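Any chance you can model this:
(chains A and B)
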2 protein chains.
Amino acid sequence: MKVSETGEFGLIELIAKAVGRTGDKRLLIGIGDDAACWRAKGLQLATTDTLIEDIHFSFKNITWRELGWKAMAVNLSDIAAMGGVPLYALVSLGIPADTETDDVIELYKGMLDLAGKHKVRIVGGDTIASPIAAITLTIIGEAGSEEEILKRSAARPGDLIAVTGSFGASAAGLAIMQKRLSLDKKTEKALREAHFNPMPRIEEGRTLVKYGVKAAIDVSDGLLGDLGKVCQASGVGAQIYSERIPIRAAVEKHFGNKALKLALTGGEDYELIFTAPPTTINNVAKKLSCRVTIIGKITKNRAVQVLDADGNEFSFAVEGWDHFAKRKRA
Amino acid sequence: MKVSETGEFGLIELIAKAVGRTGDKRLLIGIGDDAACWRAKGLQLATTDTLIEDIHFSFKNITWRELGWKAMAVNLSDIAAMGGVPLYALVSLGIPADTETDDVIELYKGMLDLAGKHKVRIVGGDTIASPIAAITLTIIGEAGSEEEILKRSAARPGDLIAVTGSFGASAAGLAIMQKRLSLDKKTEKALREAHFNPMPRIEEGRTLVKYGVKAAIDVSDGLLGDLGKVCQASGVGAQIYSERIPIRAAVEKHFGNKALKLALTGGEDYELIFTAPPTTINNVAKKLSCRVTIIGKITKNRAVQVLDADGNEFSFAVEGWDHFAKRKRA
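I've put the predicted structure just below:
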């Protein structure tokens, strides 16, 4: 059945049923009133991000369920980058009137697949007709105190720069789909999943806060570009070392001399970049359960430099995802 | 200059400049980090609404500044309908790469024109390329306690039904533009403004809460349709009297026998419908500074009926805006 037959209010009922009751005593009002309402304590966080058809994704490549997961992931990642605990999600969904109702429910299931892992509740939103699919999520989170937030502006000269996980797999997955590259099926699947099913570093963000890290960002636009934002917000610069960048093994194996560029500028890895004095970094690295790599250091000089093993500077430091540039994602 | 030349990050800087510093001590982080952060107290409210080009508006009729106002108004109206105090706004904006940067700033000025009247701060968002303009606002608000929220589910049999202001002007303004009707210029202007510059009933919502009203909704989809949502959420019905509907005078004068239908089903008036026992209604009506009209009563019977002066029932009770029906707004 198409949403034009179900109608807006029939669709909202189906969505409310898919979302279910939350069992959250702090939530006073969820889906079905003019606004959601909850009991707050401490600091509240809010972030919003939109994915638009044929700009951020194409139904040629992605399923509705994967789109739901990804929309939730990119938003939760922003709460992770603040060191916060995500609580509630609002979903504003634009879809053509001839969309299948089952596809919309699949989209919600994709969001709920990931939301459920972090006890995040969908508490409201808006469902509207649109010539193309457009999904905007707003995530509300919380933090304990002002000392327990990760900021872009808190990097200081002398800090070491570290990252969680590895880089390049999401951009490689996209390249495989867009350029119809053919690798072995297992590798293709892994890289495709890195692009469509990223895992936001919520627990890792909490651990960073707990062990005294103050500065972080998540990597959506690219490692270099996002590190550049930290430097700009903090009034500092950075030197990172090309041979220390943790490139996903499959990317290094299959993309040869393009692997480093994919890792540094490809984006959508949703890993965390964080900076802190050496003792803090070394301590927190032991506490994090994921791979952690120290890739460089914060400097007074306001440039972001990538140095090779001989100390020579690479030249692609300015790249990164710009939404108004003429590139397209999958 | 076009946003493709300014670039995403140049545009964000211009937006941050237009928004300015907030001077709000509760706001710890505004535009420029991964999420906004504020000190919360009591209950928090959140609502989100999207306006999409050629579905909700057309640049043939609306200016960018008016679009900004309207996007802010429809969202603030949801906070008004909860009896809350709006605090913060997040703006997710999709625009074609060839959009003029000046137009984007005009859009923000439109949002700020209205936000400023209610001390609402724009604290974050997302700016992305899109084939059509799409603007999603999320508003965060607050309420004091569980007793101080207006709910759709709180209408009870025996309650009187009252409304703020008058109805039909927004739909009439839209009809003038879509059907190229020609009225006197002053009337055309007033009805056009009703459509593009609605004023959310924030203060009125606060007054309702203060004087003991428990049930309300704002009129976006149409008086009858939105009253129907209150009835459905409360498990009750309603009888309203056609001759008591406060139709905007210019609509009654120029739209003849279509005026009542515009008032009951046209939508986008952003007035409040509220219900309460007679003594509460009569008391709060004296406290509200706007026009207040008692239009009917809540019944046990689960239907929404419109009765004429002779007690006969009108038959258009099921209409109202459905986003997936084949209608278009201006």
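
Chain neighbours aside, what residue packs nearest to the spatially most central residue of chain A?
In chain A, the C-alpha nearest the mean C-alpha coordinate belongs to A:Val74, at 3.3 Å (C-alpha atoms, centre = their mean). Spatial nearest neighbour of A:Val74, excluding adjacent residues (C-beta to C-beta, 6 or more residues apart in numbering or on different chains): A:Asp49 at 5.2 Å. Bear in mind the C-beta positions are built from the backbone N, C-alpha and C, glycine included.

and that neighbour, that one's in a helix?
No. Using DSSP: H, G, I helix; E, B strand; the rest coil, the assignment for A:Asp49 is strand, not a helix.

per-residue confidence at it?
We have a pLDDT of 95 for A:Asp49.

ok, how many other residues are close to it?
24 (other C-beta atoms under 10 Å in any protein chain shown).

Return the backbone torsion pair for A:Ala16.
phi -60, psi -40 (degrees, to the nearest 10).

ok, back up a step: so the residue nearest to A:Val74 sits right up against B:Val91, yeah?
No. Judged on C-beta atoms under 8 Å, A:Asp49 makes no contact with B:Val91 at a distance of 11.8 Å.

Need the residues touching each of these two.
B:Asp126 (C-beta atoms under 8 Å, 6 or more residues apart in numbering or on different chains).

low-confidence ranges in chain A?
A:22, A:316-330 (pLDDT under 70).

Which residue ranges of it form helices?
Using DSSP state H, the helices of chain A run over residues A:3-19, A:64-80, A:101-117, A:169-178, A:185-196, A:202-210, A:223-234, A:249-255, A:259-265, A:278-287.

Which of those helices sits closest to A:Asp308?
The minimum distance between A:Asp308 and the helices of chain A falls on helix A:259-265, with 9.5 Å, by C-beta to C-beta.

same for that closest one, what does it pack against?
Contact partners of helix A:259-265 among helices and strands, from 3 or more C-beta pairs under 8 Å, 6 or more residues apart in numbering or on different chains; DSSP states H and E: helix A:169-178, helix A:223-234, helix A:249-255.

With mean neighbour count added, can I get those helices in CSV?
Listed next are the helices and strands packed on helix A:259-265 as CSV, based on neighbours: other C-beta atoms under 10 Å in any protein chain shown:
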stretch, mean neighbour count
helix A:169-178, 24
helix A:223-234, 22
helix A:249-255, 19
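
Same list, those, but as CSV with distance to chain B please.
Formatted as CSV, these follow (distance: least, C-beta to the nearest C-beta, whole Å):
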stretch, distance to chain B
helix A:169-178, 16
helix A:223-234, 6
helix A:249-255, 25
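
B:Ile245: which of those helices is closest?
helix A:223-234 (53.8 Å).

quick one on the thing from earlier: in JSON lines, list the helices of chain A along with distance to B:Thr275.
What follows is the helices of chain A, written out as JSON lines (distance: least, C-beta to C-beta, whole Å):
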{"stretch": "helix A:3-19", "distance to B:Thr275": "20"}
{"stretch": "helix A:64-80", "distance to B:Thr275": "36"}
{"stretch": "helix A:101-117", "distance to B:Thr275": "32"}
{"stretch": "helix A:169-178", "distance to B:Thr275": "52"}
{"stretch": "helix A:185-196", "distance to B:Thr275": "47"}
{"stretch": "helix A:202-210", "distance to B:Thr275": "42"}
{"stretch": "helix A:223-234", "distance to B:Thr275": "49"}
{"stretch": "helix A:249-255", "distance to B:Thr275": "61"}
{"stretch": "helix A:259-265", "distance to B:Thr275": "58"}
{"stretch": "helix A:278-287", "distance to B:Thr275": "55"}
